[in-house]
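Chemist: let's see this in three dimensions:
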Amino acid sequence: MENGTVNTLAAAPDADDIDAQMRRLMEAIYRKYSYDFRDYTGASQKRRVAHALAQLNCPTIPALQAGVERDPTLFQQLLQYLTIPVSEMFRDPAFFLTLREQVLPVLQTYPSLKIWVAGCSTGEEAYSLAILLKEEGLLERSLIYATDINATSLDKARRGIFPLASVRTHTTNYQQAGGRRAFSDYYIAAYDGAIFDKTLAQNITFADHSLATDSVFSETQLVLCRNVLIYFNRTLQDRALGLFHESLSHRGFLGLGSKESIDFSAYANRFEPLVKAQRLFRKH
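Modeler: Now for the predicted structure:
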């Protein structure tokens, strides 16, 4: 106490205290709701929780933990910050162009296809893939499993309505990814949303799946998990890569995000680079 006031700086938790509080919060979430964030990377997780504290008007991590343990609604609100559903259609267009030119010709040789989009967020990547498959004559014989742990994001993905303000970016990405039509052929504009052609979603199954706790989803010829592994520590990255390896059929393809790699992972020798610059790999 200084001049009759509390010295709030002295009372502030140090880095070790915050780390311990974060661990207790993630353990509590796992015990109560079976969502496992314990092996997500510390720095990004701290930023997300700090943002949640401010937005949810919660003073401390222990107070947030107490609230989450007694109130499932608060947990659902927190989940939106922990998972941060941010995406765009045909993100990293060079990746989708390479997918079109070097992977889909091989997949043309299969009578039917199963594809897993892991960590699909609000669905932009799944719809991008559906458009790509449609243009290459593969959509009708494909089944796309699009999975995520965020139920709110999955609901948005099922609706297939994306902000109209984002369409200009999506259109540019689509064109750079080798799009064969006018991008506007795939949606109608209504109010502030772009409503995408419902036939694109007929071959997409949106489902809840956790890379931290669940098992292999299905035998697939292609797995896309882009911009998800960067939020995992090495243990969880290896777990996810193990699921992808087990899921993929012989000589199946794996696509990762532009800042992700299998180098130095436990599965580095289980895949070979197809186009390493675009983070496309093939199972041995």
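Chemist: all strands of the stretch 51-200 of the chain, in order?
Modeler: 113-118, 142-148, 161-163, 187-190, 193-196 (DSSP state E, counting those that start in this stretch).
Chemist: tell me the angle the first one makes with strand 142-148.
Modeler: Counting by axes from the mean of the first three to the mean of the last three Cα atoms, to 10 degrees, strand 113-118 points 10 degrees away from the direction of strand 142-148.
Chemist: and stretch 277-284, average pLDDT?
Modeler: What stretch 277-284 shows for mean pLDDT is 97.
Chemist: how long is it end to end?
Modeler: 19 Å (Cα to Cα, to the nearest Å).
Chemist: ditto for stretch 24-42
Modeler: End-to-end distance of stretch 24-42 (Cα to Cα): 13 Å.
Chemist: any residues touching it, and which ones?
Modeler: 19, 22-23, 45, 49, 61-62, 64-65, 68-69, 72, 75, 79, 82, 149, 210, 212-213, 230-233, 235-236, 239 (Cβ atoms under 8 Å, 6 or more residues apart in numbering). In this view, the C-beta of every residue, glycine as well, is placed from N, C-alpha and C.
Chemist: show me what the helix or strand where residue 273 lies is packed against.
Modeler: Assigned by DSSP states H and E, residue 273 belongs to strand 271-275. Applying 3 or more Cβ pairs under 8 Å, 6 or more residues apart in numbering; DSSP states H and E, one finds that strand 271-275 contacts strand 280-283.
Chemist: what subset of the contacts of stretch 24-42 is buried?
Modeler: Buried subset of those (neighbour count, 16 or more other Cβ atoms under 10 Å): 22, 45, 49, 61, 64-65, 68-69, 75, 79, 82, 149, 210, 212, 231-232, 236.
Chemist: circling back: distance from the chain centre to the strand holding residue 273, please.
Modeler: 21 Å (Cα atoms, centre = their mean, to the nearest Å).
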